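> give the three-dimensional model of this entry:
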Amino acid sequence: QVQLGESGGGLVQAGGSLRLSCAAPGLPLGFYAMGWFRQAPGKEREFVAAISGSGGSTNYADSVKGRFIISRDNAQNTLWLQMNSLKPEDTAVYYCAAGPRPVATRPEYLYWGQGTQVTVSS
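Model (predicted):
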């Protein structure tokens, strides 16, 4: 079964930055749109950002627009999420996902990682 793998999570103070990575050994990510989602304790998993297969189109949740940047390098088969100006409300488990379109709709995504924890202290 295809499994994506996230890394780069950790503990950071409010106002700080983190860069998450997502890799998928055996899955050519260039064929897929990619997305980042997050899930805080007791809450639904929510959309964060998405990027088209070529990287030419991106989509962000309003809550992260202007602070987070999604990018990809298909030659390295890697996806990133640069998170700046982090806030305590950004605390969550962050998941990467692969699917046919760079949309905010969770069921559209076919493959998921197991998540990486991001904790932002105030």
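
> need the pLDDT of the residue nearest to the spatial centre of the chain.
Centroid check for the chain by C-alpha atoms, centre = their mean gives Trp36 as the closest residue, at 2.5 Å. Trp36 carries a pLDDT score of 98 in this model.

> with Phe31 instead?
On pLDDT, Phe31 comes in at 94.

> just Tyr95 next, same as before
98.

> same thing with Asp90?
98.

> my guess is it contacts Thr119. True?
No: under the contact definition of C-beta atoms under 8 Å, Asp90 does not touch Thr119, with a separation of 9.1 Å. Glycine gets a C-beta too; all of them are placed from N, C-alpha and C.

> comparing these two, which residue is more hemmed in?
Asp90 (22 against 15; other C-beta atoms under 10 Å).

> my read: the residue nearest to the centre of the chain touches Ser71, true?
No: in this structure Trp36 lies outside contact range of Ser71 using C-beta under 8 Å: 10.9 Å.

> shared neighbours of those two, anything?
Taking C-beta atoms under 8 Å, 6 or more residues apart in numbering as the contact rule, Trp36 and Ser71 both touch Leu79.

> which stretch of helix or strand covers the residue nearest to the centre of the chain?
strand 33-39 (DSSP states H and E).
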